[in-house]
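Asker: Could you look at this predicted model? Sequence included:
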Amino acid sequence: MTYTTPKTIVVIFGATGDLANRKLFPSIYNLYEKGELKDEFAVVGVARRPLTLDVFRQNVKDSIEENIPVPQKVDEFSSHFYYHSSNVNDRTSYKELKDLLDELDSKYQTEGNRIFYLAMAPEFFGTIAENLKGEGLTSTSGYSRLVIEKPFGHNLPSAQQLNEQIRQAFSEDQIYRIDHYLGKEMVQNIEVIRFANAIFEPLWNNRYISNIQITSSEVLGVEDRGGYYENSGALRDMVQNHILQMVALLAMEPPIKLTTEEIRSEKIKVLRALRPIDESEVHDYFVRGQYGDGQINNKQVPSYRKEQNVDPKSNTETFVAGKLLIDNFRWAGVPFYIRTGKRMKAKSTKIIVQFKDIPMNLYMKKDNQLQNPNLLVIHIQPDEGITLHLNAKRVGQNTQTTPVHLDYCNNCIDGINTPAAYEKLIYDCMKGDATNFTHWDEVALSWSFVDPISHVWESQAATNFPNYSAGSMGPADSEKLLENDGFQWWSVSELENK
Ligand SMILES: NC(=O)C1=CN([C@@H]2O[C@H](COP(=O)(O)OP(=O)(O)OC[C@H]3O[C@@H](n4cnc5c(N)ncnc54)[C@H](OP(=O)(O)O)[C@@H]3O)[C@@H](O)[C@H]2O)C=CC1
Ligand SMILES: O=C1O[C@H](COP(=O)(O)O)[C@@H](O)[C@H](O)[C@H]1O
């Protein structure tokens, strides 16, 4: 099937905000410069501040110039941009927006296709969806799609309420819930590694895998997002969405086809099979942390409680480690360890699959154990690639083993410029491909899993916060979580030294 370039109007609600300027404008620009978007498109920015069209277009140009190394088509690109100043709560203003969209439809021949991108605080999501429908902006000859940023709700009940409100205006197949991790090249590669390699799939189960570790560590603190983060914490900010999505991709059964429905259906089954954590067991399976002050890259940084808009006695976790179990035939007994946090030692997201030891070790070493277990490391970021850790013969007249690595680097081949996650996801939405967006069932199951944990953490103040220093790999209890099972976190530097 040949696919022609999208003809569409993209309406960005929150067009003067951080996300629009840092991610959305540059991503749409990249599509334009690559020729994925031709001339039949327009972008309409919506926000309250009263900007003239010239000023808005200048902001768009500035955003491109700040984020793209040598942009070639900034002027012609920005001429596709329009601005509508309004308060999204004011229903009457949608009439004017509708007139603008109708006019642009004719001008750019976009065939009535509309993408409404909600790059705004979540409290506006429901109202905007309602007003779009109520004022007739969605009834056109083409498609209407709604792209929604995270967080989708604060817990299961609030997510359900939001979903019901949005579903009054848009059907499930019109809703594109963004999880930007699903746009990352190596997250998309998980399925290919698993399902396009005969050597992995037969081993991808509890007979050969002892545990799987997912680490997503950040060096940055909360920056200027303290207000949002105080109501979120690392569990809601990272685990409920990005981390559980990676778990689902790692654990799902092979889909019968690579269609949105089949892939989603397999991911949903994994989320259903996650063993629920009862409130009484939270301490056994999950560890929370909050950063104190410390040194990162030789620079002293303040503790979380001293960040802007953060309560000096805050109980919010900036670190989470957890042990997840998946109760199905493939994964029974295999722990999935996850950890994520802010102000850690390195910015790095990695998945490490640790294989079980061979049944008998002919090559010495105590306790019948191999010197090094076989590991498959999926480097999500900043490096993108795969490393397979094997044992080989040490050179010389001996029968000793030495660790060797087979490395594939996805982003170090000259000329390969991995498209950024937002660019891929926006393009997918323009094509109508919802595979890398989250279905409501995934969102609901993820909230069901994390809600008991957040309930316990919110009702029982952490008496030991802050419990890790900025620049470390989190609190000591996170190490114990694995030690109790006879495992250890494979640290990035340790793996690199081997
Ligand atoms: N920034 C990021 O890196 C990420 C953001 N997100 C999510 O994206 C969304 C947007 O985040 P971000 O860009 O950081 O937020 P910002 O606070 O930077 O931007 C908010 C935008 O909303 C507009 N706005 C606020 N109130 C109204 C209103 N009543 N009517 C019309 N416009 C209004 C503001 O413009 P004005 O003041 O002119 O009205 C501004 O354009 C959030 O849901 C966030 O969780 C998700 C992942 C990463
Ligand atoms: O969604 C979010 O993700 C970022 C981390 O994303 P990454 O692509 O840089 O790994 C995180 O900093 C932010 O708190 C969270 O809202």
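Answerer: On my side now, so go ahead. Numbering: from 1, shown residues only. Ligands and ions are numbered 1, 2, ... in the order given.
Asker: And residue 263, its phi and psi?
Answerer: Backbone torsions for residue 263, taken as degrees, to the nearest 10, come to phi -70, psi -50.
Asker: who touches it in this structure?
Answerer: Taking CB atoms under 8 Å, 6 or more residues apart in numbering, we find residue 263 in contact with 191, 252, 255, 435. Bear in mind the C-beta positions are built from the backbone N, C-alpha and C, glycine included.
Asker: and what of residue 48?
Answerer: Per CB under 8 Å, 6+ apart, neighbours of residue 48: 85, 86, 87.
Asker: out of the residues you listed, which are buried?
Answerer: Buried members of the contacts of residue 48, scored by 16 or more other CB atoms under 10 Å, are 85, 86.
Asker: By neighbours, which of the contacts of residue 263 wins?
Answerer: Counting neighbours by other CB atoms under 10 Å, the top entry in these is residue 252, with 23 neighbours.
Asker: Tell me who's in contact with the nearest residue in space to that residue that is not next to it in sequence.
Answerer: Of all residues not flanking residue 252 in the chain, residue 266 sits nearest, at 3.9 Å (CB to CB, 6 or more residues apart in numbering). Going by CB under 8 Å, 6+ apart, residue 266 touches 252, 253, 254, 255.
Asker: which SS class is residue 266?
Answerer: Under DSSP: H, G, I helix; E, B strand; the rest coil, residue 266 falls in the helix class.
Asker: What confidence value was assigned to it?
Answerer: According to the prediction, residue 266 has pLDDT 98.
Asker: now swap in the one 4 residues further on and tell me
Answerer: Confidence at residue 270, expressed as pLDDT, is 98.
Asker: Can you say which helix or strand has it in it?
Answerer: helix 260-273 (DSSP states H and E).
Asker: doesn't residue 253 fall inside a helix?
Answerer: No. Under three-state DSSP, residue 253 sits outside any helix and is assigned coil.
Asker: who's in contact with it?
Answerer: So, once contact is read as CB under 8 Å, 6+ apart, residue 253 ends up touching 266, 269, 330.
Asker: Can you tell me, leaving aside adjacent residues, what's nearest to residue 169?
Answerer: Nearest non-adjacent residue to residue 169, counting by CB to CB, 6+ apart: residue 133, 3.4 Å away.
Asker: Which helix or strand contains the one you found?
Answerer: helix 125-134.
Asker: Parallel or antiparallel, list what pairs with the next helix or strand after that helix.
Answerer: Using DSSP H and E, the helix or strand that directly follows helix 125-134 along the chain is strand 144-148. Using DSSP bridges, the strands paired with strand 144-148 are strand 114-118 (parallel), strand 175-177 (parallel).
Asker: of the contacts of residue 266, closest to residue 339?
Answerer: residue 252 (21.5 Å; CB to CB).
Asker: Break down the stretch 1-150 of the chain into its strands, ranges please.
Answerer: Assigned strands in the stretch 1-150 of the chain, in chain order: 8-13, 41-47, 81-85, 114-118, 144-148 (criterion: DSSP state E, counting those that start in this stretch).
Asker: what's the angle between the first one and strand 114-118?
Answerer: Angular relation of strand 8-13 and strand 114-118 on a 0 to 180 degree scale: 20 degrees, by axes from the mean of the first three to the mean of the last three CA atoms, to 10 degrees.
Asker: Repeat that for the longest one.
Answerer: On the basis of the same axes, to 10 degrees, strand 41-47 is oriented at 30 degrees to strand 114-118.
Asker: if we can go back for a sec, ok, the residue nearest to residue 169 - contacts?
Answerer: 168, 169, 170.
Asker: Can you check the pLDDT for the second one?
Answerer: This points to residue 169. 96.
Asker: Distance check, it against ligand 2.
Answerer: 25 Å (CB to the nearest ligand atom, to the nearest Å).
Asker: Specify the local secondary structure of that residue.
Answerer: With three-state DSSP as the criterion, residue 169 reads coil.
Asker: Give me the neighbour count for it.
Answerer: Around residue 169 there are 21 residues (other CB under 10 Å).
Asker: thought it was touching residue 130?
Answerer: Yes. Using CB atoms under 8 Å, residue 169 is in contact with residue 130, at 5.7 Å.
Asker: Of the contacts of residue 253, just say which sits nearest to ligand 2.
Answerer: residue 266 (23.6 Å; CB to the nearest ligand atom).
Asker: circling back: pLDDT value on the residue nearest to residue 169, please?
Answerer: pLDDT for residue 133: 96.
Asker: go on, residue 402?
Answerer: 87.
Asker: Check residue 364 too.
Answerer: Value listed for residue 364 in the pLDDT field: 63.
Asker: got the contacts of residue 48 as CSV, with distance to ligand 2 columns?
Answerer: Listed next are the contacts of residue 48 as CSV, based on distance: CB to the nearest ligand atom, whole Å:
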residue, distance to ligand 2
85, 27
86, 27
87, 25
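Asker: and ligand 1, which of the contacts of residue 48 reach it?
Answerer: Subset of these in contact with ligand 1: residue 87, counting by CB under 6 Å from any ligand atom.
Asker: Would you mind giving the contacts of residue 48 as TSV with pLDDT added?
Answerer: Output for the contacts of residue 48, formatted as TSV (pLDDT from 0 to 100):
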residue	pLDDT
85	98
86	97
87	98
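Asker: At the contact with ligand 2, which residues of this structure appear?
Answerer: So far as CB under 6 Å from any ligand atom goes, the chain lies against ligand 2 at 218, 237, 349.
Asker: Pull the contacting residues for the second one.
Answerer: To tie it back to what came earlier, the one meant is residue 237. 151, 229 are the contacts of residue 237 under CB under 8 Å, 6+ apart.
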